[in-house]
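Chemist: Give me coordinates for this.
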Amino acid sequence: MLAAQRVPIARMSASHSQAPSLDIDHQAGERLRLRGRWTLEYATEIGEVLRGAPKGAQGIDASGVDRLDSVGVLQLLRFAHRNGVDEAAMTFRQDHLALVAAIEDVADDRPKKKRDYGFQAAIARLGFAVQDNWNEIVALVSFLGENLIKLLRVFKEPRRLRPVSIVHHMEQVGLDAVPLVFLLSYLVGAVIAFLGANILADFGATIFVVELVNIAFLREFGVLLTAIILAGRTASAFTAQIGAMVSREEVDAIRTLGLDPVDLLVLPRVIALVITLPLLTFIGMMAGLLGGMSVGAFELDIPPQAYLARAHETIELRHFLVGMSKAPVFALVIGLIGCLEGLQVQGTAQSVGERTTSSVVQTISLVIVLDAIAAIWFMQMGW
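Modeler: Numbers count the residues shown, from 1 in each chain. So this is what the prediction gives:
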């Protein structure tokens, strides 16, 4: 805190020379008393005076300065910082305080502490990352609970349900994604058939490509590939749409009107995704099987009739049910994370971009983790 002392300007100007100077007050504990004009025209003299000042000064009294501008303040504050003079031990005239306050933020030229890239810093960054991820998990679970409560309330009060909005989002999430899901699933099915055929041909067991492709797509790839596609396509769209509304203060306007943003923005999107993802998963499964059958017909000399007959003989219904059971869970995760990240936008375009990226990364990562856990659990259960 800088101290101020009222000093008559006219009297001081008449009694002191214009050149900057300083005296040492030994009785006040090596306190420097400044005189003269500390301005741009005397910049050279100011530097010489400060270079000749003794080290270890306990304070600076600039109340005797006739004139003071930004150059004088900057050099004086930097001298104080370099020599460890506390700002509380510096005294200025009342009419100079505003100038000093405006410059003191940029006057600190002390060397900044170098960032620590050692082991301790790595552990600290790891700890912060774990804490951030834990906070994200807590927020997601809390948001899930809030949505379940709102969904139960919708069952009690059906008028809160917005079927038009749900159908609109079903079209965007489901119908518009059918070509992409079908194409990618078909190609992945064909690739798996090619890889399996190259390995199984060495053992004369090319026919087992049917089981490889069908079981892989019915249990894992059909639902996982579809969920990853929607995580990149739909979760990002949900975050960007809701985030743009937050940045334009439309969500605040919804609350002002007495409406619940969760009822209006979140539930229709989540319900639409829970309905459409199982349907898209079924389409992805069939496309993957078709891709495997195409490779079998054109490259492996397995006619479609033989392929389908082999699939009917060897593939059990439980594989299909295992894959379909994951779809609603993945849909819930994708929808909740996409909407939650959108509601957490801070109101800037940069925040919208950061949250959109975060939603895609989180949904894809969590979907893969959940799929791995489910695969281990179903295997242990013998399903």
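Chemist: Where do the domain boundaries of this protein fall?
Modeler: As assigned by automatic domain parsing, the chain contains the domains 3-103, 147-381.
Chemist: is it possible to export those domains to CSV including mean pLDDT and distance to residue 138?
Modeler: For every residue, glycine as well, the C-beta is placed using N, CA and C. Putting the domains of the chain into CSV (pLDDT from 0 to 100; distance: least, CB to CB, whole Å) gives the following:
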stretch, mean pLDDT, distance to residue 138
domain 3-103, 76, 42
domain 147-381, 88, 11
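Chemist: Name the stretch among the ones you listed that sits most buried.
Modeler: Among the domains of the chain, domain 147-381 has the highest mean neighbour count (mean count of other CB atoms under 10 Å), at a mean of 18.
Chemist: re earlier: make CSV out of the domains of the chain and add distance to residue 128.
Modeler: CSV is the format used below for the domains of the chain (distance: least, CB to CB, whole Å):
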stretch, distance to residue 128
domain 3-103, 31
domain 147-381, 15
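Chemist: The stretch 251-383 of the chain: helices as residue ranges?
Modeler: Taking DSSP state H, counting those that start in this stretch, the helices of the stretch 251-383 of the chain run over residues 261, 267-298, 304-314, 317-343, 349-381.
Chemist: what's the last one packed up against?
Modeler: Other elements packing on helix 349-381 under the criterion 3 or more CB pairs under 8 Å, 6 or more residues apart in numbering; DSSP states H and E are helix 222-230, helix 236-247, helix 317-343.
Chemist: What is the longest helix along the chain packed up against?
Modeler: Identified as the longest helix of the chain according to DSSP state H is helix 119-156. Packing contacts for helix 119-156, counted by 3+ CB pairs under 8 Å, 6+ apart, involve helix 267-298, helix 317-343.
Chemist: picking up where we left off before, can you tell which of the helices of the stretch 251-383 of the chain is closest to residue 137?
Modeler: Evaluated over those, closeness to residue 137 peaks at helix 349-381, with 9.3 Å, by CB to CB.
Chemist: Off-centre distance for that closest one?
Modeler: Taking CA atoms, centre = their mean, to the nearest Å, the mean C-alpha location of helix 349-381 is offset from the chain mean by 14 Å.
Chemist: What angle do helix 222-230 and that helix make with each other?
Modeler: Interaxial angle of helix 349-381 relative to helix 222-230 (axes from the mean of the first three to the mean of the last three CA atoms, to 10 degrees): 170 degrees.
Chemist: So residue 92, which state does it fall into?
Modeler: Assigned with DSSP: H, G, I helix; E, B strand; the rest coil, residue 92 falls in the strand class.
Chemist: all helices for the stretch 51-200 of the chain, in order.
Modeler: Under DSSP H, counting those that start in this stretch, the stretch 51-200 of the chain gives helices at 70-82, 97-103, 119-156, 163-173, 178-200.
Chemist: circling back to that earlier point, could I get the helices of the stretch 251-383 of the chain in a markdown table, plus columns for distance to residue 33?
Modeler: Listed next are those as a markdown table, based on distance: least, CB to CB, whole Å:
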| stretch | distance to residue 33 |
| --- | --- |
| helix 261 | 64 |
| helix 267-298 | 71 |
| helix 304-314 | 98 |
| helix 317-343 | 60 |
| helix 349-381 | 50 |
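Chemist: The residue nearest to residue 287 when sequence neighbours are not counted and residue 119, how far apart?
Modeler: Sequence neighbours aside, residue 185 is the residue nearest to residue 287 in space, at 3.8 Å (criterion: CB to CB, 6 or more residues apart in numbering). Per CB to CB, to the nearest Å, residue 185 is found 46 Å from residue 119.
Chemist: And residue 53, by the same measure?
Modeler: Distance of residue 53 to residue 119, computed by CB to CB: 43 Å.
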